[in-house]
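**Student:** Coordinates for the following, if possible.
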Amino acid sequence: MATPQRTPNAGPNYGNVPVIVSAVIAGFVAVTTAVVSTGGATNTFRWELGLAAGCIAFIVCLLTFLLMIIAAKPNPESLGRGSGVNRRFGAVPGAEDKDPEEPRGNAPH
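**Tutor:** Got it, this is the predicted structure:
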């Protein structure tokens, strides 16, 4: 079985870490909610509320972690160039682009 090859700028490989951390947090929330919502030793254990709170916590934590991973990924350099009206964000409309084919940081002095 071949191992999947990663591109050089793909960023770190987090693996299953977001899922595992979300599951641990969800388990803590589920147990805490079930115990606290019981309201004492004489009442019945509220496992339904714990299960619901755990599921919600799992989904919210997982989405939050994945959003942070996506937000931290750098954009490719090619996104700053193109054939559109404004080749760069914030460019003045109608102004000529300075050295549009020259890579950034290598401008002649």
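
**Student:** From now on I want contacts and neighbour counts done on CA atoms only, so please keep to that.
**Tutor:** Noted.

**Student:** and Pro74, what helix or strand is that in?
**Tutor:** Under DSSP states H and E, no helix or strand contains Pro74.

**Student:** roughly how far apart are it and Pro12?
**Tutor:** Pro74 sits at a distance of 11 Å from Pro12 (criterion: Cα to Cα, to the nearest Å).

**Student:** Over to Thr38?
**Tutor:** Counting by Cα to Cα - Thr38 and Pro12 are separated by 43 Å.

**Student:** Asn43: how many residues sit nearby?
**Tutor:** Counted with other Cα atoms under 10 Å, residues neighbouring Asn43 total 9.

**Student:** who touches Phe53 in this structure?
**Tutor:** Residue 53: Ala, not Phe. By Cα atoms under 8 Å, 6 or more residues apart in numbering, the contact list for Ala53 reads Ala26, Val29, Ala30, Thr33.

**Student:** Repeat the analysis, applying 6 Å as the threshold.
**Tutor:** Ala53 makes contact with Ala30, according to Cα atoms under 6 Å, 6 or more residues apart in numbering.
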